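**Student:** next comes the sequence, and after it the predicted model I'd like to discuss.
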Amino acid sequence: LGDDRKKKLPRRLKHVSPSEKEEQQLPFPRKLYLMLESVDRLGLTHTASWLPGGRSFIVKDPIQFMDLTVPHFFKATKFRSFQRQL
């Protein structure tokens with residue numbers, strides 16, 4: 001894990017994540033969709049991706065998923081917390 005966990009979020013993803021005000025207004029499913037679309041577009045599918053058909057998704061690397069993506073969309077800092085919201 002080492003350095004892989006400390007990778008910074010690509011600059012482009014910061015522009016996709018909702019502003020603080022928008023984040024408070026968006027319902028969980030919408031934020032989840034925006035996050036997954038961002039992950040897919042930016043090539044971070046090694047952490048999570050849509051499954052074929054686009055109706056469900058898989059988290060392939062929970063640690064990197066939580067470190068690289070989730071904090072920019074949700075307040076959850078632990079994978080278990082994120083799972084409970086699902």
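**Tutor:** Yep, it's here.

**Student:** where do the strands sit along this protein?
**Tutor:** 48-50, 57-59 (DSSP state E).

**Student:** now tabulate those strands in TSV and tack on mean neighbour count.
**Tutor:** The C-beta positions use only the backbone N, C-alpha and C, and glycine is treated the same way. Listed next are the strands of the chain as TSV, based on neighbours: other CB atoms under 10 Å:
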stretch	mean neighbour count
strand 48-50	17
strand 57-59	15
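
**Student:** what's the closest of the ones you listed to residue 84?
**Tutor:** When the strands of the chain are compared by CB to CB, strand 57-59 sits nearest residue 84, at 13.8 Å.

**Student:** I'd like the average pLDDT over that closest one.
**Tutor:** The average pLDDT within strand 57-59 is 95.

**Student:** kindly report the same for stretch 66-74.
**Tutor:** Rounded mean pLDDT across stretch 66-74 is 87.

**Student:** regarding it, how distant is the last residue from the first?
**Tutor:** With CA to CA, to the nearest Å as the measure, the first residue of stretch 66-74 is 10 Å from its last.

**Student:** quick one on the thing from earlier: got the strands of the chain as CSV, with distance to residue 68 columns?
**Tutor:** As requested, the strands of the chain are exported to CSV (distance: least, CB to CB, whole Å):
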stretch, distance to residue 68
strand 48-50, 9
strand 57-59, 12
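
**Student:** out of the ones you listed, which is closest to residue 37?
**Tutor:** Taking the strands of the chain one by one with CB to CB, strand 48-50 is closest: 8.6 Å.
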